[in-house]
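Colleague: Need a 3D model of the sequence below.
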Amino acid sequence: MNLDFDGTQTLLETTLRDYLARELPSDRIRALERSGEHDERLWREIAERGWLGLPFAEALGGGGGSLVDTGVVVEALARRAAIVPILEVVAAGLALQHFGGEVGAGLVRAALAGEALPVPALVEAGGRAERISLVFADGALTGEKAIVDYGDCASHHLVSARSRGEPVLCLVRRTEPEVLCERLRSIGRTPVCAVRYASAPALRVGGREALAQLLRTGRAFAALQCAGAMAEALDASVRYAKVREQFGRPIGSFQAVRHHAANMATRVTSARLLAFEALSALDAGTATDAQVALAKASASRAAPEVLMLAHQIHGGNGVIEENDLYFSTLRGKERSLAWGSADECLAIAAAEVSKPIDWF
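Modeller: Next comes the predicted model:
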């Protein structure tokens, strides 16, 4: 199995990293964190350059590419700690493309043109996306979602609910007066809100399989966001270890520091490989809930370990916010919990263990 990017993906990765290094300075990210807003200018650029549309059908204005292609974009943005809803819009958009009919297709076209911003609304007070109490009945949503990433920046919410006991996905306009958003403070310093739907008018766009696809896509991309944050922290730590001197020589020459860096590199590489493998399986239509959950569990477990090792290498210099390391620390920790923590994802995988496998 060839685990390398193809030529187009390699070029895309290089182009994105160069563009973000040039156009997204750290001071701008800090200003956005203070304001609590997302980076609208960068988001327009992502849409205009076709990066957002990569996995969508050409008939809808997309690029007809793969989830792996989009993973290159997601990882690059995570490494730069960009505050844009790339995971949320792609995951919601793909669910709408596959299950939303003409309404979904129209919203995808609008999103790719920069005229709409649909995001998933899945997590309730219990913290598990699979545990749904919000109700859809008579064309209206009633209930609350505890955490909705970019919820008050969005144009639409793709909401998980229960209808006659079965899970469904419903589309609701965020601007409806019955949709009440309350801004929250997130460890990742990205826009997050709690939302109450007070009999908000909504349209059913999918059932159990639509929700399952949305969760698989979101988890795979969230695993890659963890890997991106870890990779950036590793690179920063190696650079620092080369220039920080102690006892008359760079600390990178000490065996203990080298062991830390080697352990970090191992965890980053494995988490990144599992995330891209999950995306490749989703492209091929062979991914299972367990495979994607294990990829996310690996990344969620590795992220806090790798990021704390980065802080050990940096020492006191890693504590000050003038050092960009905190971008990776905060985003990586937040992403390790989003779309299922390590324990939650391992529980999903464990539920699949007893199922028979047809090896032939």
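
Colleague: what stretches of the stretch 1-150 of the chain score poorly on pLDDT?
Modeller: Along the stretch 1-150 of the chain, the parts satisfying pLDDT under 70 run over 1-2.

Colleague: Tell me which residue lies nearest the centroid of this protein.
Modeller: residue 222 (3.5 Å; C-alpha atoms, centre = their mean).

Colleague: which residues sit against stretch 320-335?
Modeller: Stretch 320-335 has contacts (C-beta atoms under 8 Å, 6 or more residues apart in numbering) with 26, 29-30, 78, 81, 186-190, 222, 225-226, 229-230, 232-233, 236, 299, 303-304, 306-307, 310-311, 314, 317-318. Quick note: C-beta positions are derived from backbone N, CA and C, even for glycine.

Colleague: Sorry, wrong one. I was asking about stretch 89-102.
Modeller: Here stretch 89-102 has contacts from 52, 55-57, 60, 70, 74, 103-105, 107-108, 111-112, 117-120, 156, 158, 169, 171, 205-207, 209-210, 213-214, 217-218, 221, using C-beta under 8 Å, 6+ apart.

Colleague: Mark which of the contacts of stretch 320-335 are buried, thanks.
Modeller: 29-30, 78, 81, 186, 188-190, 222, 225-226, 229-230, 232-233, 236, 299, 303-304, 306-307, 310-311, 314, 318 (16 or more other C-beta atoms under 10 Å).

Colleague: I'd like the list of those residues that fall within helices, please.
Modeller: Using DSSP state H, the subset of those located in helices is 29-30, 78, 222, 225-226, 229-230, 232-233, 236, 299, 303-304, 306-307, 310-311, 314.

Colleague: Could you list the domains of the protein?
Modeller: 7-112, 118-206, 210-353 (automatic domain parsing).

Colleague: how near is the residue of the chain most remote from its centre to residue 259?
Modeller: Taking C-alpha atoms, centre = their mean, the residue of the chain most remote from its mean C-alpha position is residue 248, at 42.4 Å. Distance, residue 248 to residue 259, by C-beta to C-beta, to the nearest Å: 21 Å.

Colleague: same thing with residue 125?
Modeller: 42 Å.

Colleague: and if you look at residue 201?
Modeller: 58 Å.

Colleague: Next: residue 344.
Modeller: Applying C-beta to C-beta to residue 344 and residue 259 gives a distance of 31 Å.

Colleague: now the one helix or strand residue 142 maps to, how far from the chain's geometric center?
Modeller: Counting by DSSP states H and E, the element that carries residue 142 is strand 140-149. Distance of strand 140-149 from its chain centroid, counting by C-alpha atoms, centre = their mean, to the nearest Å, is 19 Å.

Colleague: need the helices for this protein, in chain order.
Modeller: 7-23, 26-35, 40-48, 67-79, 86-99, 101-112, 208-243, 255-284, 289-314, 325-337, 342-353.

Colleague: Residue 147: which of those is closest?
Modeller: Checking those against residue 147 by C-beta to C-beta gives helix 325-337 as the closest, at 9.5 Å.

Colleague: pLDDT averaged over the closest one - what is it?
Modeller: Averaged across helix 325-337, the pLDDT comes to 97.

Colleague: before we move on, the earlier item: more neighbours, residue 344 and residue 259?
Modeller: Using other C-beta atoms under 10 Å as the criterion, residue 344 and residue 259 rank with residue 344 on top: 19 against 11.

Colleague: does that one really touch residue 128, like I thought?
Modeller: Yes - the criterion here is C-beta atoms under 8 Å, and residue 344 meets it with residue 128 at 6.3 Å.

Colleague: what sits against residue 73?
Modeller: Residue 73 sits next to 12, 16, 46, 51-52, 54, 86 when contact means C-beta under 8 Å, 6+ apart.

Colleague: top of the residues you listed by neighbour count?
Modeller: residue 52 leads the contacts of residue 73 on contacts (other C-beta under 10 Å) with 28 neighbours.

Colleague: how near is it to residue 44?
Modeller: 10 Å.

Colleague: Identify the residues contacting the closest residue in space to residue 175 that isn't next to it in sequence.
Modeller: Counting by C-beta to C-beta, 6 or more residues apart in numbering, the nearest residue to residue 175 once its immediate chain neighbours are dropped is residue 155, at 7.4 Å. Shown in contact with residue 155 (C-beta under 8 Å, 6+ apart): 110, 116-118, 173-175.

Colleague: That's all I had, so thanks and see you.
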